[in-house]
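Peer 1: Fold the following and give me the result.
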Amino acid sequence: GQNLTSNAFIEVQWYIFDLVFLLGGAYCVKHNQHVRVDIFYARWSPKRKALANFIGTILFLIPFSLIVIFVSWGAVLNSWAILETSPDPGGLPRYPIKTMIIVSFVLLFLQGISEAIKNFAVFTGQLTSHKESDESKY
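Peer 2: Numbering: from 1, shown residues only. So this is what the prediction gives:
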């Protein structure tokens, strides 16, 4: 076993922060809790909101997720190949947390596809607004 030193405790704190940040992205998209500047958006109809969300998801969220997955793939594989650990004495392995970069952006990509489908359905009138019920809870 590995002794837990103060460095390990500090790194555990960073790992927990990383997990909250990385895994929270897809959750926030699903529950419409991500940051948005609502200058115009708040006054739009559900169909117009759905169109804006659809375009934003297709043009920004999905491509960004794919780029991050592609760019981080090599670094994560290399980290596993060398079983990368922290350079600090008593530090923790780095390869598990680096793997979470890919896992989280795959989840974000999948949630983006789901949101694009739902927003397209709202825009075309095949579905009533799926976001309004989530917004009223908070």
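
Peer 1: Could you list the low-pLDDT ranges of the protein?
Peer 2: Under the criterion pLDDT under 70, the flagged ranges of the chain are 1-5, 130-138.

Peer 1: Tell me which helix or strand the residue nearest the centre of the chain sits in.
Peer 2: Closest to where the C-alpha atoms of the chain average out (Cα atoms, centre = their mean) is G25, at 2.9 Å. Using DSSP states H and E, G25 sits within helix 6-30.

Peer 1: in that helix, what's buried?
Peer 2: By neighbour count on 16 or more other Cβ atoms under 10 Å, the buried set for helix 6-30 is 8, 11, 15, 22, 25-26, 29. For glycine as for every other residue, the C-beta is placed from the backbone atoms N, C-alpha and C.

Peer 1: cool, stretch 33-46 as well?
Peer 2: Buried-residue list, stretch 33-46, by 16+ other Cβ under 10 Å: P46.

Peer 1: for it, how far is the first residue from the last?
Peer 2: Taking Cα to Cα, to the nearest Å as the measure, stretch 33-46 stretches 17 Å from start to finish.
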